[in-house]
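> Starting from these lines, generate the structure:
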Amino acid sequence: MAQKNEAAVLFLALLITLGLVGGVYFWLAGNSNVKFVSTTTNSSQQSSQPSEETLAQVQNVPSGLFRYGGSTTWAPIRKEVDSAIKTVLPKFQLSYTDPISRAPGSGTGIKMLLDNQLAFAQSSRALEPEEYQIAQQKGFTLKEIPVAIDGIAIAVHPDLNISSLTIQQIKKIYTGKITNWQEVGGSNLAIKAYSRRLEDGGTVEFFYQNVLDKEKFGSQVQFTPTTTTALRQVATNVGSIYYASAPEIVPQCTVKTIAIGRKPGEAVVPYQEPLVPRNQCPQKVNQLNQAAFQSGQYPITRRLFVIVKENSQIDQQAGEAYARLLLTDQGQELISKSGFVRIR
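Numbers count the residues shown, from 1 in each chain. The predicted structure follows:
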């Protein structure tokens, strides 16, 4: 009987305690500024906070002259964004720097950053493990910050009767396993494949790793120093083919951009349909198929990165500020204007 009484007393005490706690909670909630937010909700709110809207709103932008370099793919972005930054933030002076003896490109720019020749670098590919290792050996780390979406487009001669290729067919063409357009449904015509050299830039490295699966280029591939040179060759040789960053190919008037598919019957065009006829170009030019790039429906897409040297010095501050500027609403709009796809 005593045990039953004790249990009843404990149960009553528990009810009183819960009542007091509940009363305090509702009193605070109704009569003060105290807010009760769950950890999950707070975390969600923090991760969804918008970044700055304009370039002028970005904080902690250092003053001084900062040299940067790297990917040739970035040239249209540099043209649009850097002039805007110069107008809004004149004390944040940017100077694009070419390498002394090598062709400019992502790999070259990253090497110059590692050698302390640049404050930050622009890359059209992700960092390689050995680049992280070199940085660690020199006493700092590297960080890649994605700021835009790009894709690889395929250019052929306008008169070539090919409208699409699969990734596997492209691979076989560039590794020398397919040498005639007849093998992929075209005319009996020898294929003339053009490329820049592997060491010349991030676009070639990306193509080599993700399309060729690191197989060697075929002996028939003809190497050119620049995309401009290659596109001139494609425009004059009916059997030619070339790949490059989509914004460098899609608006062109002298070549034809074809659709690409992961498998037969899944081809996606990198331009907005309908295709602008050649006789209307350059008064009207083709625009990127941004929806297909953002969704990943287009099969060969990649991100563009700002490469930052994490050394707790002003170079790190400059690189991080530059990335934040590009990630503002205004910066993303300028990236879109330059022909690339917004990442946010």
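> going forward, measure contacts and count neighbours with C-alpha atoms only.
Will do.
> What helix or strand is Val147 located in?
Using DSSP states H and E, Val147 maps to strand 141-156.
> quick check, distance from that strand to the centre of its chain.
3 Å (CA atoms, centre = their mean, to the nearest Å).
> same thing with stretch 228-241?
Relative to its parent chain, stretch 228-241 has a centroid offset of 27 Å by CA atoms, centre = their mean.
> go on, stretch 259-271?
The gap between where stretch 259-271 is centred and where its chain is centred comes out at 20 Å by CA atoms, centre = their mean.
> ditto for stretch 296-314
Relative to its chain's centre, stretch 296-314 lies at 6 Å (CA atoms, centre = their mean).
> ok, now stretch 293-302?
11 Å.
> Same question for stretch 290-300.
With CA atoms, centre = their mean as the basis, stretch 290-300 stands 12 Å off its chain's centre.
> before we move on, back to that, tell me the mean pLDDT over the strand holding Val147?
Averaged across strand 141-156, the pLDDT comes to 98.
> Stretch 88-98 too?
For stretch 88-98, the per-residue pLDDT averages 97.
> ok, and for that stretch, which residues are buried?
By neighbour count with 16 or more other CA atoms under 10 Å, stretch 88-98 contains the buried residues Leu89, Phe92, Gln93, Leu94, Thr97, Asp98.
> Give the partner strands of the strand holding Val147 in its sheet and their orientations.
In the sheet, strand 141-156 lines up against strand 240-245 (antiparallel), strand 256-261 (antiparallel), strand 301-310 (antiparallel), strand 341-342 (antiparallel) (DSSP bridges).
> possible to save these as a markdown table with distance to Gln57?
Converted to a markdown table, these look like this (distance: least, CA to CA, whole Å):
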| stretch | distance to Gln57 |
| --- | --- |
| strand 240-245 | 31 |
| strand 256-261 | 39 |
| strand 301-310 | 20 |
| strand 341-342 | 19 |
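> right, and those - which one's nearest Lys138?
Of all those, strand 301-310 sits nearest to Lys138, with 11.0 Å by CA to CA.
> what's the helix or strand sitting right after the closest one along the chain packed up against?
Using DSSP H and E, the helix or strand that follows strand 301-310 in sequence is helix 314-327. When contacts are defined as 3 or more CA pairs under 8 Å, 6 or more residues apart in numbering; DSSP states H and E, helix 314-327 sits against strand 120-123, strand 141-156, strand 301-310, helix 329-337.
> Return the alpha-carbon coordinates of the second one using PDB.
C-alpha atoms of strand 141-156 as PDB (Å, rounded to 0.1, in the frame of the first residue of the first chain):
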ATOM      1  CA  THR A 141      46.800  24.600 -49.800                       C
ATOM      2  CA  LEU A 142      44.700  25.300 -52.900                       C
ATOM      3  CA  LYS A 143      40.900  25.800 -53.000                       C
ATOM      4  CA  GLU A 144      38.600  25.700 -56.100                       C
ATOM      5  CA  ILE A 145      35.500  27.800 -56.100                       C
ATOM      6  CA  PRO A 146      32.900  27.000 -58.800                       C
ATOM      7  CA  VAL A 147      31.300  30.100 -60.300                       C
ATOM      8  CA  ALA A 148      29.800  29.100 -63.700                       C
ATOM      9  CA  ILE A 149      28.700  26.200 -65.900                       C
ATOM     10  CA  ASP A 150      30.200  25.500 -69.300                       C
ATOM     11  CA  GLY A 151      29.900  22.700 -71.800                       C
ATOM     12  CA  ILE A 152      31.900  21.200 -74.700                       C
ATOM     13  CA  ALA A 153      30.400  21.700 -78.100                       C
ATOM     14  CA  ILE A 154      31.300  20.000 -81.400                       C
ATOM     15  CA  ALA A 155      31.800  21.900 -84.600                       C
ATOM     16  CA  VAL A 156      31.800  20.500 -88.100                       C
END
